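In: have a look at this prediction, sequence included:
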Amino acid sequence: MTGFSDPLADHGSWQHDLATGDTQWSDAVYRLHGVSPDNFAPTAEEVEKVVHPDDFQRYREAFYAAAATGAPFTVQHRVVWPDGSLRTLLARGAHLSDPNGGPGRMVGTTQDVTGRIGTDEQLWHLANNDPLTGLFNRRRFLEELDRELAVARRSGTHGAVLMLDLDRFKEINDSLGHMAGDSLLPRVAVALRSRLRVTDTLARLGGDEFAIVLPACSQDNARRVALDLLEALGTASVRIAGRERPVSASIGIAPFGSSDHPSADALLVESDLAMYRAKGQGPGRYEIFDEEMRAALAARVAIEAELRDAVEVSAFELHYQPITSVANGTIVGCEALVRWRHPTRGLLAPDLFIPVAEEYGLISAIGEWVLEEACAMAATWQSRGRNLSISVNVAPQQIIECDLPALVAETLERLGLPAERLCLEVTETSLLHDTSPLVRSLESLREMGVRIAMDDFGGGSSSLGLLRMLPLDVIKIDRMFVSGIQDRSEDRAIIAAVISMADELGLGVIAEGVETEQQHRKLKELGCNLCQGFLYAPPKPADELHLDGHSGAAQPDVGDPVMIREFTPPAGVVAKA
């Protein structure tokens, strides 16, 4: 193939037939790319070989967006000459329609602007691309998605947004260091790009999260693409502890079409929700955002708005559930459990609003109110001669955001409550991220005399590892083991092992969710000293709480100091710090 001549050596012309895919370059365009028409055909595959890999996606997407919308385009891109040198080209083009109704053709010019762009070119690249992978960043991705949504509305086509998050990426960083994770991400980008069309947009949004726009794509095709991407990631393995482990990911799919009018931000939220649904099903899965998720999202947004109002007026209540001695029914303390007094739905349990509070940054304000009210109640009990321990749940965000050690110290001093009367509970699953700041805060609290408990122990995947890292005083056995203690030997064995391990570490143990006398007896046989659950009392407001102990057992003085000490390590035993 030979090119046609141009009047200017640094300024070439080209055209591309959208129906046949045939591309023609002028002689100057060949020269600007450092190739010859005798041994180079300007197909998409061949052009990709000479355009700098960090710029090809931008060049290709500007081209096809102009073809779809009819709008002119201007895009800068670098090309790699055979000798390895780089040239910066400026391409301009526009769509010419076909009078016979065909797809038409693209025509344009390419100009050599090497040395004329300088710092501006670098700044443009930094503003639009992820420095690690060379892919588009979040800002540029949203711009491209907005463009594709406009095309879909005009042309009546459908498409999809895919959100992809690597599975167990934290394990790679923790095991091998962040440099290993950084070296993996570019390989992941290459693997993903290998399974996408030239018209698809791929971006890295941050961390191990990637996003993809699939224009002119049905839901069935989006499913197939998701499966292709999951398969492709198998080629990007990583070596951990001497073994090669394949990389997997969770993918959320958010379809869009001409009849709906989602925003780019809304589609990212939808694909993100679908991705988390997929992640909940196990590694290497995908889920499509559906009407059920849409209804849940609408309800979540409504709850968020109402919850902000509730925080403003402190529309919450505390209910208290006793922590009881298995041996004699003595109540040694209470766990404070927050409830939301909703204006139309009545009293709401925490599982209906605490996840929303954590997601929207409201948990610290709620947690501060709970800490104040719970400690004030414990101080009231103390003034009445009942020295009960009070347990308060705290979220990781609360520990870090509000300088919890300082807040606790001020609260205890102001209310006159000894630090040893306060036990702060953190859930195991909430500690599966970077724990360093949390550990430092928990250590400061423990040095003050505040006790630290791990809630729902055994319900996550890193229980034993966390025992090594965290300064703990108490383990609360997850209710799922307690529920099976009567019928399942496996659950009994696990509880027995936890109690034995806690004894060795100098930790107290509380069994949660005790509902039957049979469970009570089995826990007593296994040596568990403290329990809480509906067998003894459901959570109740303070003025309805009976602090007389379990009715079926002997009852020494409420808050007997001997029983309270069961929260703390036995004499002579140093708890794990």
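Out: Looks like it came in fine.
In: going by C-alpha atoms from here, please, whenever you check contacts or count neighbours.
Out: Will do.
In: how about the helix or strand containing Leu227: buried residues?
Out: Using DSSP states H and E, Leu227 maps to helix 219-233. Neighbour counts over helix 219-233 (16 or more other C-alpha atoms under 10 Å) mark 219, 222-223, 225-226, 229-233 as buried.
In: next: stretch 338-357.
Out: So, applying 16+ other C-alpha under 10 Å, buried residues of stretch 338-357: 338-341, 353-354, 356-357.
In: picking that back up, among the buried residues of helix 219-233, find me the one that's closest to Asn137.
Out: Proximity of the buried residues of helix 219-233 to Asn137 was ranked by C-alpha to C-alpha; the top entry is Leu229 with 19.5 Å.
In: so which of the buried residues of stretch 338-357 belong to helices?
Out: Among those, DSSP state H puts 354, 356-357 in helices.
In: kindly indicate which of these lies nearest Ser389.
Out: Nearest to Ser389, judged by C-alpha to C-alpha, of these is Ile354 at 23.6 Å.
In: not counting sequence-adjacent ones, nearest residue to that closest one?
Out: Excluding its sequence neighbours, the residue lying closest to Ile354 (C-alpha to C-alpha, 6 or more residues apart in numbering) is Ile363, at 7.1 Å.
In: with Leu545 as the reference, measure out to the one you found.
Out: 26 Å (C-alpha to C-alpha, to the nearest Å).
In: so those two - more neighbours on which side?
Out: Using other C-alpha atoms under 10 Å, the more surrounded residue of Ile363 and Leu545 is Ile363, with 23 against 15.
In: so who does that one touch?
Out: Counting by C-alpha atoms under 8 Å, 6 or more residues apart in numbering, Ile363 touches 354, 357, 395, 397-398.
In: try His77
Out: Per C-alpha under 8 Å, 6+ apart, neighbours of His77: 51-52, 55-56, 58-59, 88-91.
In: same thing but at 7 Å, please
Out: Going by C-alpha atoms under 7 Å, 6 or more residues apart in numbering, His77 touches 55, 59, 88-90.
In: just the ones of the residues you listed in strands?
Out: Using DSSP state E, 88-90 are the members of the contacts of His77 that sit in strands.
In: and which of these is nearest to Pro131?
Out: Thr88 (18.7 Å).
In: and the longest helix along the chain, what's buried?
Out: Longest helix of the chain, by residue count under DSSP H: helix 291-313. Residues of helix 291-313 classed as buried by neighbour count (16+ other C-alpha under 10 Å): 300, 303-304, 307, 310-311.
In: coming back round to it: by pLDDT, rank the buried residues of stretch 338-357 and give me the bottom one.
Out: Scanning those for pLDDT, the low point is Val356. It has 86.
In: save the ones in helices among the buried residues of stretch 338-357 as a markdown table, and put in distance to Leu407 too.
Out: A markdown table is the format used below for those (distance: C-alpha to C-alpha, whole Å):
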| residue | distance to Leu407 |
| --- | --- |
| Ile354 | 21 |
| Val356 | 23 |
| Ala357 | 20 |
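In: Pro42: which of these is nearest?
Out: For these, the nearest to Pro42 is Val356 (52.9 Å; C-alpha to C-alpha).
In: how near is the closest one to Glu306?
Out: 11 Å.
In: which regions of the stretch 1-150 of the chain lie under the pLDDT threshold?
Out: Applying pLDDT under 70 to the stretch 1-150 of the chain flags residues 1-11, 69-72, 99, 116-126.
In: quick one: the helices in it?
Out: 27-32, 44-50, 53-69, 119-128, 138-155 (DSSP state H, counting those that start in this stretch).
In: what helix or strand does the most centrally placed residue in the chain sit in?
Out: Nearest to the centroid of the C-alpha atoms of the chain, with distances taken as C-alpha atoms, centre = their mean, sits Tyr276, at 7.6 Å. Assigned by DSSP H and E, Tyr276 falls within helix 264-280.
In: show the subsequent helix or strand relative to that helix.
Out: Counting by DSSP H and E, the next helix or strand C-terminal to helix 264-280 is strand 286-288.
In: circling back to that earlier point, helices or strands next to the helix holding Tyr276 in the packing?
Out: Judged by 3 or more C-alpha pairs under 7 Å, 6 or more residues apart in numbering; DSSP states H and E, helix 264-280 is in contact with helix 138-155, strand 159-166, strand 249-256, strand 286-288.
In: who are the packing partners of the third one?
Out: Think strand 249-256. strand 159-166, helix 219-233, helix 264-280, strand 286-288.
In: if you average pLDDT over each of these, which is lowest?
Out: For those, mean pLDDT drops lowest on helix 264-280, to a mean of 89.
In: show me the contact partners of it.
Out: Residues from elsewhere that reach helix 264-280 (C-alpha under 7 Å, 6+ apart): 142, 145-146, 161-164, 250-254, 285-289.
In: change it to 6 Å
Out: 145-146, 163, 250-254, 285-289 (C-alpha atoms under 6 Å, 6 or more residues apart in numbering).
In: how big is the angle separating it from helix 291-313?
Out: Between helix 264-280 and helix 291-313, the angle comes out at 100 degrees (axes from the mean of the first three to the mean of the last three C-alpha atoms, to 10 degrees).
In: quick one: buried residues of helix 264-280?
Out: Neighbour-count burial for helix 264-280 flags 264, 267-279 (criterion: 16+ other C-alpha under 10 Å).
In: relative to Gln532, how far out is Thr516?
Out: Relative to Gln532, Thr516 is positioned 11 Å away (C-alpha to C-alpha).
In: how about stretch 441-451: buried residues?
Out: By neighbour count with 16+ other C-alpha under 10 Å, stretch 441-451 contains the buried residues 441-446, 450-451.
In: what's the average pLDDT for it?
Out: Averaged across stretch 441-451, pLDDT comes to 93.
In: who's in contact with it?
Out: Taking C-alpha under 6 Å, 6+ apart as the rule, stretch 441-451 contacts 405, 419-420, 422-423, 473.
In: okay, and which of these map to helices?
Out: Short answer: these in helices (DSSP H) are Pro405.
In: picking that back up, ok, Thr516 and Gln532, which is more surrounded?
Out: The neighbour comparison of Thr516 against Gln532 (other C-alpha under 10 Å) goes to Gln532, with 28 against 14.
In: which residues does the nearest residue to the more buried one once chain neighbours are set aside contact?
Out: Excluding the flanking residues, the one nearest Gln532 by C-alpha to C-alpha, 6+ apart is Ile323, at 4.8 Å. Counting by C-alpha under 6 Å, 6+ apart, Ile323 touches 331-334, 531-532.
In: for Ile323, list each beta-bridge partner.
Out: Here Ile323 sits in beta bridges with Gly333, going by DSSP bridges.
In: quick check: it vs Val514, distance?
Out: From Ile323 across to Val514, the span is 11 Å (C-alpha to C-alpha).
In: over to Leu192?
Out: For Leu192, the distance to Val514 (C-alpha to C-alpha) stands at 49 Å.
In: what of Thr344?
Out: Taking C-alpha to C-alpha, one finds Thr344 at 32 Å from Val514.
In: what's the answer for Phe289, then?
Out: Distance, Phe289 to Val514, using C-alpha to C-alpha: 38 Å.
In: quick revisit: return the most buried member of the helices and strands packed on helix 264-280.
Out: Mean neighbours per residue, mean count of other C-alpha atoms under 10 Å, is largest over the helices and strands packed on helix 264-280 for strand 249-256, with a mean of 28.
In: pull up the pairing partners for it, direction included.
Out: Strand 249-256 has the following sheet partners, assigned by DSSP bridges: strand 159-166 (antiparallel), strand 286-288 (parallel).
In: now tabulate those in CSV and tack on distance to Ile485.
Out: Shown next, in CSV, are the strands paired with strand 249-256 (distance: least, C-alpha to C-alpha, whole Å):
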stretch, distance to Ile485
strand 159-166, 36
strand 286-288, 35
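In: of these, which is nearest Arg386?
Out: strand 159-166 (50.9 Å).
In: list of residues touching that closest one?
Out: 208-217, 248-256, 271-272.
In: and the angle from that strand to helix 138-155?
Out: Going by the same axes, to 10 degrees, strand 159-166 makes 150 degrees with helix 138-155.
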